[in-house]
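>>> Sharing a sequence plus its predicted fold:
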Amino acid sequence: MKLTTVEGMQSEIFVPITPKPVFTELKKPINECKVAFITAGGIHRKDDKPFNTSGDFSYRVIPFDTPSDQLMVTHGGFDNSDINKDVNAMFPIDRLHELVEEGYIGSLPKESYTFMGGGGNVEKFINETGPEIARKLKEQDVDIVLCTGGCGTCHRTATIVTRACEEAGMSCAVIAALPPIARQQGAPRIVAAHVPIGSNAGAPNDPVMQTAILKDSLQWIKDCPSYNSTKMLPYEYRHNV
């Protein structure tokens, strides 16, 4: 029996469609992996061109030897105060270097890529920006890609780019402050602590929490049983208001 009442008519009720599954199993030990970190949260070098907060599908190159105090945020879609206190709350570059020194991960790529997902052109991210970032990471022999998103549309964009990386053969996860959006948009894996937007990777100036979120996210890359699964992490932080 057909459910269509009148041919050519469309329901006004929005029905979200989750994209096709993309899932690359991680087959190497975490301590042998090259780990990249990307973000849709508008992070860039202070001497680089800021993102256009009304909508931007470009990306910025972040050499992984960039000191964290040389990074900043340009994004109008969420409270930037935590990132202004400590960029590691969204882009944990210092914690990643520490994980290499500890031997928890194998290495970092020479450079990573950041973008401003709010108000971005979806088609451009799907067809141009996402595949280009994925290609550049793959050329650096990256095994794992972690990604954070800022506002709601940033989580959508973060998921689009993460899916491109997964399709290119890297194992990926979105570290989300809004996990339902990442899940609906088809993120391969999702992890989420109880934190506000802008502190996806942990409370500012709290290296213990930031390290724990990174380690648990990497372990979820290894342990996640299937596409689009979410792991809620036992860490909580709230803005002081």
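Yep, that arrived. Residues are numbered from 1 along each chain as shown.

>>> ok, and for the strand ranked longest in the chain, which residues are buried?
When the chain is scanned for its longest strand (criterion: DSSP state E), the result is strand 229-236. Buried residues in strand 229-236, counted by 16 or more other CB atoms under 10 Å: 229-231, 233, 235. No exception for glycine: its C-beta is placed from N, CA and C like everyone else's.

>>> Also stretch 141-155?
Judged by neighbour count using 16+ other CB under 10 Å, the buried positions of stretch 141-155 are 142-155.

>>> same deal with stretch 100-111?
Buried positions in stretch 100-111, judged by neighbour count with 16+ other CB under 10 Å: 100, 104-106, 108-109.

>>> Just the mean pLDDT for stretch 53-64, thanks.
Confidence over stretch 53-64 (mean pLDDT, whole number) is 93.

>>> what does it rub up against?
42-45, 48-49, 51, 71, 74-77, 91, 93, 96-97, 108-116, 118-121, 124-125, 128-129, 132-133 (CB atoms under 8 Å, 6 or more residues apart in numbering).

>>> Show me the helices in the chain, by range?
Listed in chain order, the helices of the chain (DSSP state H) span 81-85, 93-102, 122-124, 130-139, 152-167, 179-184, 207-223.

>>> ranking those by burial, who's on top?
Of those, the one with the most neighbours on average (mean count of other CB atoms under 10 Å) is helix 152-167, at a mean of 26.

>>> Show me what that helix is packed against.
The contact analysis (3 or more CB pairs under 8 Å, 6 or more residues apart in numbering; DSSP states H and E) places helix 152-167 against strand 35-39, helix 122-124, helix 130-139, strand 144-148, strand 171-175, helix 179-184.

>>> Output those in TSV; the columns should cover distance to residue 191 and mean pLDDT.
Conversion of the helices and strands packed on helix 152-167 to TSV gives the following (distance: least, CB to CB, whole Å; pLDDT from 0 to 100):
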stretch	distance to residue 191	mean pLDDT
strand 35-39	13	98
helix 122-124	24	93
helix 130-139	19	98
strand 144-148	9	98
strand 171-175	5	98
helix 179-184	8	95
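
>>> so which of the ones you listed comes closest to residue 223?
strand 171-175 (11.0 Å; CB to CB).

>>> What are the contacting residues of the closest one?
Identification of contacts with strand 171-175 by CB under 8 Å, 6+ apart yields 24-26, 143-149, 155, 158-159, 162-163, 165-166, 182, 187-192, 200-201, 213, 217, 220-221, 224.

>>> In CSV, list the C-alpha atoms belonging to it.
As requested, the backbone C-alpha atoms of strand 171-175 are provided in CSV (Å, rounded to 0.1, in the frame of the first residue of the first chain):
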residue,chain,number,x,y,z
SER,A,171,39.3,6.6,12.1
CYS,A,172,37.4,9.7,13.4
ALA,A,173,35.3,11.0,16.2
VAL,A,174,33.5,14.2,16.9
ILE,A,175,34.0,15.6,20.5
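
>>> With adjacent residues omitted, what lies nearest to residue 84?
Using CB to CB, 6 or more residues apart in numbering and skipping the chain neighbours, the partner closest in space to residue 84 is residue 73 (7.0 Å).

>>> burial of the one you found, as a residue count?
For residue 73, the count of nearby residues is 25 (other CB atoms under 10 Å).

>>> you'd agree it is up against residue 80?
Yes. Applying CB atoms under 8 Å, one finds residue 73 in contact with residue 80, separated by 5.0 Å.

>>> Tally up the residues packed near the residue lying closest to residue 154 once chain neighbours are set aside, please.
Leaving out its chain neighbours, the residue that sits closest to residue 154 by CB to CB, 6+ apart is residue 117, at 3.4 Å. The number of residues packed near residue 117 is 33, by other CB under 10 Å.

>>> what's near enough to touch residue 117?
Applying CB under 8 Å, 6+ apart, we find residue 117 in contact with 40-42, 125, 149-151, 153-158.
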